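Engineer: Let me see the structure of the following:
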Amino acid sequence: MSRRFLPAVAFAAMWMFALGGHHSFAADNAAKTVVRFSLNPVVIGNLPIFIAIDKGYFAEQNIDLKLTKYGGSSVTQMPLAARGDLDITIMVAGPALFNQKTEGFDLKILASMQQTHHGWADGEWVMVRKELWDSGAVRKIADLKGRQVDGGPDGSPISFVLNLALAAAELKRSDVTYTKRLGTPPEWIAALRNHAVDALAAAEPVATVLEIDGLGKKLVSDQDVAPWLQISFLIASGKYVEEHRATVTAFLRAYLEAAKDIDASGGKWTPELLHEMSKWTQISEADLRHIAGPSYCGQFGTISKVSLTRQQDYLVALGQVKHKVDVDSLIDDAPLMAARREMGIH
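Structural biologist: Next up, the predicted model:
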């Protein structure tokens, strides 16, 4: 049955089921190197990891991936990576990533994952409540002046995109009733359904589900306001990279193998990619087809210092980063470059 025929509470239940618990992915009869890793299964940009797990790319690299699923923002994983409870995880360029340097931590960006790219799916959207769109009361971001708007957790990609959209429309946070409470799909569903907000920011593929179900209408995407944006990254502590460089390189080879599979699609769904996304997100293939295809990862891990610098400057202006750091100090892409060379990626 298509998701559109399920009540919001049923989708919320499926989302919680998708989070699950801890999982291990390795071949049964060979000694593997354990890598503790976490991800949010309801994020379109995490597709390369879904593929690398299910097609055995990590196992081929002698990695036993101990996977923990979580909901909400990747920012919640920062303390776990910093204190060594996770080996590698996915992170966004939020305040915590920049502030950790001045707080005595040394987390390193290993590779980029999801980024905006023309012809490929958007990652984040500003959504307006459907009734306001249908009535004509809100048709553009400027129409949100004086209305209730939720940007999600500070420093998250959805917050970044919403705030850039407000700025492009010459609106400040003070021009709307701004909150930052909503960070998960069940919260987005409930807020729109209960008229608790007039607009919010949501990530794909859930943004499309909200539109299909008649709860929200897409207004502005990340590509509209930040076509240069790298949304997510693979990170690890500097200590882990130094002590397990071969394992990090092997992990990145598995990731890049999956990125090649996605890049070969040209930005359109293939049966395999659609099946993977549906399996992990618990969203039907019928609903996922409303998105043109997967998110772009054809930069094959290359880290954009321009994107990082712009994101840090924005967070400094908001007062969320107190001391600017040299973005070079956040990056260790030597394992990525080694993996790319070994795989003939230029």
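Engineer: tell me what whichever strand or helix holds T249 is packed against?
Structural biologist: If you go by DSSP states H and E, T249 is part of helix 245-263. Secondary-structure packing of helix 245-263 (3 or more C-beta pairs under 8 Å, 6 or more residues apart in numbering; DSSP states H and E): strand 33-39, helix 47-54, helix 57-60, strand 63-69, strand 107-112, strand 233-237, helix 271-281, helix 334-343. Yep, even glycine has a C-beta here, placed from its N, CA and C like the rest.
Engineer: Indicate which one of these is closest to L308.
Structural biologist: When those are compared by C-beta to C-beta, strand 107-112 sits nearest L308, at 7.8 Å.
Engineer: can you give me the mean pLDDT across that closest one?
Structural biologist: Mean per-residue pLDDT for strand 107-112: 98.
Engineer: Contacts for the helix holding T249 next, please.
Structural biologist: The list of residues contacting helix 245-263 from outside it, by C-beta atoms under 8 Å, 6 or more residues apart in numbering, reads 33, 35, 47-52, 55, 57-58, 60-63, 88, 110-111, 113, 234, 236, 240-241, 272-273, 294, 297-298, 300-301, 334-336, 338-340, 342-343, 345.
Engineer: hmm, back to that, is it possible to get CSV of the helices and strands packed on helix 245-263 that adds distance to R253?
Structural biologist: Shown next, in CSV, are the helices and strands packed on helix 245-263 (distance: least, C-beta to C-beta, whole Å):
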stretch, distance to R253
strand 33-39, 13
helix 47-54, 9
helix 57-60, 8
strand 63-69, 10
strand 107-112, 11
strand 233-237, 12
helix 271-281, 19
helix 334-343, 5
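Engineer: Compare those and give me the one nearest S156.
Structural biologist: strand 233-237 (13.4 Å).
Engineer: tell me the angle of that closest one relative to strand 107-112?
Structural biologist: 150 degrees (axes from the mean of the first three to the mean of the last three C-alpha atoms, to 10 degrees).
Engineer: What average pLDDT does strand 233-237 get?
Structural biologist: In this model, strand 233-237 has a mean pLDDT of 97.
Engineer: Quickly run through the sheet partners of that strand, with directions.
Structural biologist: With DSSP bridges as the test, strand 233-237 is paired with strand 88-91 (antiparallel), strand 107-112 (antiparallel).
Engineer: Extract the CA atoms of that strand and return them as CSV.
Structural biologist: Presented in CSV, the C-alpha positions along strand 233-237 are these (Å, rounded to 0.1, in the frame of the first residue of the first chain):
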residue,chain,number,x,y,z
PHE,A,233,30.6,14.5,5.8
LEU,A,234,32.2,11.4,7.2
ILE,A,235,34.2,12.2,10.3
ALA,A,236,36.4,10.4,12.9
SER,A,237,38.7,11.5,15.7
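Engineer: Pull out the buried residues from the contacts of helix 245-263.
Structural biologist: 33, 35, 47-52, 55, 57-58, 61-63, 88, 110-111, 113, 234, 236, 240-241, 273, 294, 297-298, 300-301, 335-336, 338-340 (16 or more other C-beta atoms under 10 Å).
Engineer: returning to what we had before: now do the helix holding T249 against strand 233-237, angle only.
Structural biologist: 170 degrees.
Engineer: What are the buried residues along helix 245-263?
Structural biologist: Residues of helix 245-263 classed as buried: 247-263 (neighbour count, 16+ other C-beta under 10 Å).
Engineer: and the angle for it with strand 33-39?
Structural biologist: Using the same axes, to 10 degrees: helix 245-263 against strand 33-39 is 50 degrees.
Engineer: tally of neighbours for N194?
Structural biologist: 9 (other C-beta atoms under 10 Å).
Engineer: And for G266?
Structural biologist: G266: 11 neighbours (other C-beta under 10 Å).
Engineer: Kindly report the same for the one 4 residues further on.
Structural biologist: By other C-beta under 10 Å, 15 other residues sit near T270.
Engineer: cool, and R181?
Structural biologist: Other residues near R181 number 13, with proximity taken as other C-beta under 10 Å.
Engineer: For it, which residues are in contact?
Structural biologist: Contacts of R181 (C-beta under 8 Å, 6+ apart): D150, E187.
Engineer: what secondary structure does it sit in?
Structural biologist: Applying DSSP: H, G, I helix; E, B strand; the rest coil to R181 yields a three-state assignment of coil.
Engineer: Per-residue pLDDT of it, please?
Structural biologist: pLDDT recorded at R181 is 92.
Engineer: Secondary structure element holding V128?
Structural biologist: Using DSSP H and E, V128 sits within strand 124-129.
Engineer: Ok, L164 next?
Structural biologist: Short version, using DSSP H and E: L164 is in helix 157-168.
Engineer: in that helix, what counts as buried?
Structural biologist: In helix 157-168, counting by 16+ other C-beta under 10 Å, buried: P157, I158, S159, F160, V161, L162, N163, L164, A165, L166.
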